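K.L.:
need a 3D model of the sequence below.
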Amino acid sequence: MKHSKVKDLLNSPESIGIGNQVNVKGWVRTKRGNNAVNFIAINDGSVVHSIQVVVDVEKFNAEELKLITTGSSLSVTGILVESCGSGQSVEIQAEKIEVYGTANPETYPLQKKGHSMEFLRDIAYLRPRTNYFGAVLRLRHAMAFAIHQYFNDKGYFYLHTPIITGSDAEGAGAMFSVTTLNLNDIPKTEEGTVDFSKDFFGKSTSLTVSGQLEGELGALALGGIYTFGPTFRAENSNTPRHLAEFWMIEPEVAFADITDNMALAEDFIKSLVRYALKHNYSDIEFLNNIVDKELIARLNEVLNTEFVRLSYTEGVDILLKSNKKFEYKVAWGVDLQSEHERYLVEEHFHKPVILTDYPKDIKAFYMKQNEDGKTVRAMDVLFPKIGEIIGGSEREWNYEKLLNRVQELNIPEKDVWWYLETRKYGSVPHSGFGLGFERLMLFITGLSNIRDVIPFPRTPMNAEF
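P.N.:
Numbers count the residues shown, from 1 in each chain. This next block holds a predicted model:
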């Protein structure tokens, strides 16, 4: 007999039929009862809620029932009936139970009591079974699907950019090296440096920090593309906002300026929030009730408000006039910290802000310079509780200006020669941005630590599981 999903049994019992026999397979969340009747809550991961199985003890082998404990896995066949209790519309009157796998209640880490997020990170192999992480993982899937759907519907093409690269898109240098050299016997050049000509690719290579540069090449041929894949930063940042391995969404669009870029970013992120509320409301409602009582209201606020457009200079003026004591000093020319960004969003405007026209000295080499010679056409989308959630810019499409900037920053031309070449042959105005998928997930879930919105976080000194 084909088994039914718990989600379908709870949400669409009429399509299955009250009084019909059903089969459900899943894991036991709780078991309670007495000598006459047992109540077993089974969850199969399809939805945050469990379905209740009612067991008439007399009809089953007592020794077999003892095997059913929290964490064990079951197949239950029975009759779908209207529930007599509160909290659920239907339940299953058990006729047959098969125990697949047992879980020793003395050692099973996930008991009915609440567990701290720190504890759950230590048992990442089991935390998907909790309501918290079941909700997070379902929402990750929904957001990934919604991202592809959004860009596909707009006629953009999904471009697969390399994970192994010979260039540093950000110019930051915090990259993970990729090598097949024997680390116990590293070949050296006559100058005493590592001889990468002996390495697999014949040159120094690293894990990518961004697919943007390659994405631009795609946009300059296909019109509009997006990337969506893992990226890596070897920064020793032990904060609730940083990971060493994370996922990025990076659209690049030909014939688009900074204004078009801002419009795309706002429409894109609103579409994702709208999708989450429509298709995963039960997960969001659970997180709203357990994690953040303002989550649903905050998501709806984003949908129902127009994002503020504000220059970096105007933002700095607001911060300086606020008389608020910040941990990090505010001055024109400094990179704004999360506390500054959140002040603008949460305390001054009370809505998302798109900050533009940053000083060129704190931004990447590929951003188009403004006529003032001091600022670039960059944009950061700032969100409540998060700070920066999207970063992007209009790209410099003039060959001479781009080359001058590369030389100013002492970026090796041999690493970006192919990127420069595109500005020689039919270059056009174009723009793009990057959305950190885990930053998005923090906003969608209301959780506060980025390590809790990815199945297996990679952070300094931690590569478990």
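K.L.:
got a pLDDT number for F465?
P.N.:
With respect to pLDDT, F465 scores 90.
K.L.:
ok, now which ones touch it?
P.N.:
Applying Cβ atoms under 8 Å, 6 or more residues apart in numbering, one finds that F465 lies in contact with A124, Y125, F456. All C-beta spots, glycine's among them, are computed from the backbone N, C-alpha and C.
K.L.:
how close does it get to F437?
P.N.:
Look at F465 and F437: by Cβ to Cβ, to the nearest Å, they are 19 Å apart.
K.L.:
ok, now K96?
P.N.:
Relative to F437, and taking Cβ to Cβ, K96 is found at 43 Å.
K.L.:
compare the two (neighbour count), which wins?
P.N.:
Using other Cβ atoms under 10 Å as the criterion, K96 and F437 rank with F437 on top: 21 against 13.
K.L.:
list the contacts for the more buried one?
P.N.:
Contact analysis of F437 by Cβ under 8 Å, 6+ apart lists R140, M143, A144, F228, F246, W247, M248, I249.
K.L.:
which other helices and strands does the lowest-mean-pLDDT helix or strand in the chain contact?
P.N.:
Ranking every helix and strand in the chain by mean pLDDT, DSSP states H and E puts helix 13-16 at the bottom, with a mean of 88. If you count contacts as 3 or more Cβ pairs under 8 Å, 6 or more residues apart in numbering; DSSP states H and E, helix 13-16 packs onto helix 6-11.
K.L.:
and the helix it packs on, how far out from the chain middle?
P.N.:
Distance, stretch centre to chain centre, for helix 6-11: 27 Å (Cα atoms, centre = their mean, to the nearest Å).
K.L.:
residues of that helix that come out buried?
P.N.:
V6, K7, L9, L10 (16 or more other Cβ atoms under 10 Å).
K.L.:
same check on stretch 304-314?
P.N.:
For stretch 304-314, the neighbour count (16+ other Cβ under 10 Å) marks F307, V308, L310, Y312, T313 as buried.
K.L.:
which ones are touching the fourth one?
P.N.:
So the one you mean is Y312. L336, L355, T356, D357, Y358, P359, T375.
K.L.:
give me the PyMOL select line for those residues, limited to the buried ones.
P.N.:
If you want just the buried ones from the contacts of Y312 in PyMOL, going by 16+ other Cβ under 10 Å, the selection is:
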select buried, resi 336+355+356+357+358+359+375
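K.L.:
Throw the contacts of Y312 into a markdown table and include distance to K368, thanks.
P.N.:
Below are those laid out as a markdown table (distance: Cβ to Cβ, whole Å):
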| residue | distance to K368 |
| --- | --- |
| L336 | 20 |
| L355 | 16 |
| T356 | 12 |
| D357 | 11 |
| Y358 | 12 |
| P359 | 14 |
| T375 | 10 |
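K.L.:
retrieve the pLDDT associated with H115.
P.N.:
Looking at H115, its pLDDT is 87.
K.L.:
please verify my assumption that it contacts T130.
P.N.:
Yes - contact criterion Cβ atoms under 8 Å: H115 and T130 qualify, at 7.3 Å.
K.L.:
follow-up on the earlier one: inside helices: which ones of the buried residues of stretch 304-314?
P.N.:
Cross-referencing the buried residues of stretch 304-314 against helices under DSSP state H gives Y312, T313.
K.L.:
okay if I get the buried residues of stretch 304-314 as JSON lines plus distance to H340?
P.N.:
JSON lines is the format used below for those (distance: Cβ to Cβ, whole Å):
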{"residue": "F307", "distance to H340": "17"}
{"residue": "V308", "distance to H340": "15"}
{"residue": "L310", "distance to H340": "12"}
{"residue": "Y312", "distance to H340": "11"}
{"residue": "T313", "distance to H340": "14"}
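K.L.:
just the buried residues of stretch 304-314 now: which is nearest M461?
P.N.:
Y312 (35.1 Å; Cβ to Cβ).
K.L.:
run through the bridge partners of the spatially closest residue to the closest one that is not a sequence neighbour.
P.N.:
Of all residues not flanking Y312 in the chain, Y358 sits nearest, at 4.7 Å (Cβ to Cβ, 6 or more residues apart in numbering). Assessed by DSSP bridges, Y358 has beta-bridge partners V376.
K.L.:
just E91 next, same as before
P.N.:
Residues in beta-bridge contact with E91 (DSSP bridges): V81.
K.L.:
how many other residues sit next to it?
P.N.:
As a burial measure, E91 scores 24 neighbours (other Cβ under 10 Å).
K.L.:
for I40, see how far away it is.
P.N.:
Distance from E91 to I40, by Cβ to Cβ: 10 Å.
K.L.:
touching both of those two, which residues are there?
P.N.:
Joint contacts of E91 and I40 (Cβ under 8 Å, 6+ apart) are Q52, V53.
K.L.:
give me the three-state assignment for F39.
P.N.:
With DSSP: H, G, I helix; E, B strand; the rest coil as the basis, F39 sits in strand.
K.L.:
no no, L447
P.N.:
At L447 the chain is in coil, as set by three-state DSSP.
K.L.:
going forward, the N-terminal residue is numbered 51.
P.N.:
Shifting the count to begin at 51 puts that one at L497.
K.L.:
relative to V186, how far out is it?
P.N.:
From L497 over to V186 the distance is 7 Å, taken as Cβ to Cβ.
K.L.:
A strand includes L233, no?
P.N.:
No - L233 sits outside any strand when classified using three-state DSSP, being coil.
K.L.:
what's the burial count for it?
P.N.:
Residues lying near L233 (other Cβ under 10 Å) number 7.
K.L.:
just the pLDDT for it.
P.N.:
L233 is given a pLDDT of 95.
K.L.:
repeat that for Q138.
P.N.:
pLDDT, Q138: 82.
K.L.:
so it is in contact with V97, correct?
P.N.:
No - using Cβ under 8 Å, Q138 is not in contact with V97, being 11.5 Å away.
K.L.:
mutual contacts of the two, please.
P.N.:
Listed as contacting both Q138 and V97 by Cβ under 8 Å, 6+ apart are L60.
K.L.:
more crowded one of these two?
P.N.:
For Q138 versus V97, the count of surrounding residues by other Cβ under 10 Å is larger for V97: 22 against 15.
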